[in-house]
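Asks: Could you work out the structure for the sequence below:
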Amino acid sequence: MRKFHIFAGAVAALAVIGLSPVAQAAEKIAVGALRLTSSGPIFIALEKGYFREQGLDAELKLFTAATQPPLAVVSGDVDFAVTGLTAGFYNLAGKGGVKIIGAQSREESGFPLIAYMATNQAWDKGFRSLKDFAGKSVAVTTTGSTFHYSLGLLAKKYGFDVNSVTMRQLNGLPAMQAAFKGGQVDAILVPSVGARALESEGAGKILGWVGDETPWQLGALFTSPKNIAERRPMVQAFVRAYQKAASEYHKAFNAKDAAGKVVKGPNYDEMLALLAKAMEQPPERIAIGLPYIDALGRLDVGDIYNQVAFWQGAGLVDKSVDAKAVLDLSFVEGHFNLPR
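Replies: I've put the predicted structure just below:
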């Protein structure tokens, strides 16, 4: 009986100082992301305490390339991650290393995220249209990257062979932009902030935007199959916090008026300041490239299937990889474009 009184007293003491036994027992997790606006819901959930509300003590681990977060999930270095979808991601997922459980950012019309640009030299030689990519050289990070897939979609839309484009693998944005400014390539795919900078410097011209030309499911939220099997309540709690933050992001940055023009939504300035702090950039620079993020983290499932088929056709993803097997759609309701 005395032990019960001691426990009750401890609970009362915690309540007095504003803590609870649940808060004290928060489950520790690690979350991987890149320092990009597309990671916005993670930054918001951390800053506003949404993970803590769900009984989770979340630690953020930042990475510098899209290939890194999936490997960190496989190794157990992080429990969840968000990043762009690549051929390498699907190879890991096909081996049972990771499972997609929700959406990150999406290429969407009206949201200038990734630009197609031509150098001044290429422009002067007649490279004036997105239809003119055949036979040109373009700076990308690597084959199998999100840039590669965007080019593949563009090739399908305008009827040119993506294999006729020479992709110069430069492994990072600084090297890509340097090659572009130096005229070592004809074109580049580059995030909006970099595109505006290159344009203002007079290094080249923007030909168009990926989201306007070929919308697609750019990024995803994923975890390990082991977490799904052994820690399902924790995964469900994480998704609830993520969705709450994604909803705030969406309301602030993805609102449109009656004419379809993107406008500032509720709490725009607060959310922009939060992202600027997380990204260590001025708010006005962050505002240039705010991607579309579904309010509930819902996936364009059909595009996931298309991505797997594209990479398999390019010989970059093993033929044994099954698109359905890399997905677990049970944590988020309302995913769309589901294959029949």
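
Asks: which residues does the nearest residue to Val140 once chain neighbours are set aside contact?
Replies: If the residues on either side of it in the chain are set aside, Val140 comes closest to Phe147, at 4.3 Å by C-beta to C-beta, 6 or more residues apart in numbering. (Glycine included, C-beta is placed from N, CA and C.) Going by C-beta atoms under 8 Å, 6 or more residues apart in numbering, Phe147 touches 114, 140-141, 189.

Asks: and what of Lys261?
Replies: Gly110.

Asks: any idea of the pLDDT on the residue nearest to Val140?
Replies: Note for Phe147: predicted pLDDT of 95.

Asks: Just the closest of the contacts of Phe147 to Gly172, please.
Replies: Closest to Gly172 out of the contacts of Phe147 is Thr141 (6.5 Å), distances taken as C-beta to C-beta.

Asks: count of neighbours near that closest one?
Replies: The number of residues packed near Thr141 is 23, by other C-beta atoms under 10 Å.

Asks: which residues does it contact?
Replies: Thr141 sits next to 65-66, 147, 169-173, 176 when contact means C-beta under 8 Å, 6+ apart.

Asks: what do you get if the cut-off is 6 Å, keeping everything else the same?
Replies: Shown in contact with Thr141 (C-beta atoms under 6 Å, 6 or more residues apart in numbering): Asn171.

Asks: Can you report phi and psi for it?
Replies: phi -70, psi -60 (degrees, to the nearest 10).

Asks: Tell me the spacing between it and Ser38.
Replies: 15 Å (C-beta to C-beta, to the nearest Å).

Asks: got it, and Ala175?
Replies: Ala175 is 21 Å from Ser38, by C-beta to C-beta.

Asks: ok, now Pro112?
Replies: From Pro112 over to Ser38 (counting by C-beta to C-beta), the distance is 13 Å.

Asks: Looking at the two, which one has more neighbours?
Replies: Ser38 (24 against 21).

Asks: Let me know whether the more buried one touches Glu107 as I believe.
Replies: No: contact between Ser38 and Glu107 fails when scored by C-beta atoms under 6 Å: they sit 10.5 Å apart.

Asks: hang on, the earlier thing: can you give me how far whichever strand or helix holds the residue nearest to Val140 is from the chain middle?
Replies: Assessed by DSSP states H and E, Phe147 sits inside helix 146-158. In terms of C-alpha atoms, centre = their mean, to the nearest Å, the centre of helix 146-158 is found 18 Å from the chain centre.

Asks: And stretch 113-122, by the same measure?
Replies: Stretch 113-122 sits 22 Å away from the centroid of its parent chain (C-alpha atoms, centre = their mean).

Asks: Stretch 266-285 too?
Replies: For stretch 266-285, the separation from the chain centroid amounts to 17 Å (computed by C-alpha atoms, centre = their mean).

Asks: still on that earlier bit, just the contacts of Phe147 now: which is nearest Asn163?
Replies: Nearest member of the contacts of Phe147 to Asn163, counting by C-beta to C-beta, is Val140, at 13.9 Å.

Asks: Leu170 is in contact with the closest one, correct?
Replies: No: judged on C-beta under 6 Å, Val140 makes no contact with Leu170 at a distance of 7.2 Å.

Asks: Comparing these two, which shows the higher neighbour count?
Replies: Higher neighbour count among Val140 and Leu170: Val140, with 24 against 20, using other C-beta under 10 Å.

Asks: list the contacts for the more buried one?
Replies: Counted by C-beta under 6 Å, 6+ apart, Val140 has contacts 147-148, 167.

Asks: wait, what's in contact with Gln177?
Replies: So Gln177 contacts Gly194 (C-beta under 6 Å, 6+ apart).

Asks: Let me see the backbone angles for it.
Replies: According to degrees, to the nearest 10, Gln177 has phi -70, psi -40.

Asks: Roughly how far does it sit from Leu189?
Replies: Gln177 is 11 Å from Leu189, by C-beta to C-beta.

Asks: repeat for Phe51
Replies: In terms of C-beta to C-beta, Phe51 sits 33 Å off from Leu189.

Asks: what do you get for Gly94?
Replies: 26 Å.

Asks: Next: Glu53.
Replies: 38 Å.

Asks: of these two, who's got more company?
Replies: Taking neighbours as other C-beta under 10 Å, Glu53 and Leu189 compare with Leu189 leading, 24 against 14.

Asks: Helix or strand: which one has that one?
Replies: Per DSSP H and E: strand 187-191 holds Leu189.

Asks: between that strand and helix 146-158, how big is the angle?
Replies: Going by axes from the mean of the first three to the mean of the last three C-alpha atoms, to 10 degrees, strand 187-191 is angled at 120 degrees with respect to helix 146-158.

Asks: List the strands paired with strand 187-191, with their directions.
Replies: When pairs are called by DSSP bridges, strand 187-191 turns out to pair with strand 114-119 (antiparallel), strand 137-140 (parallel).
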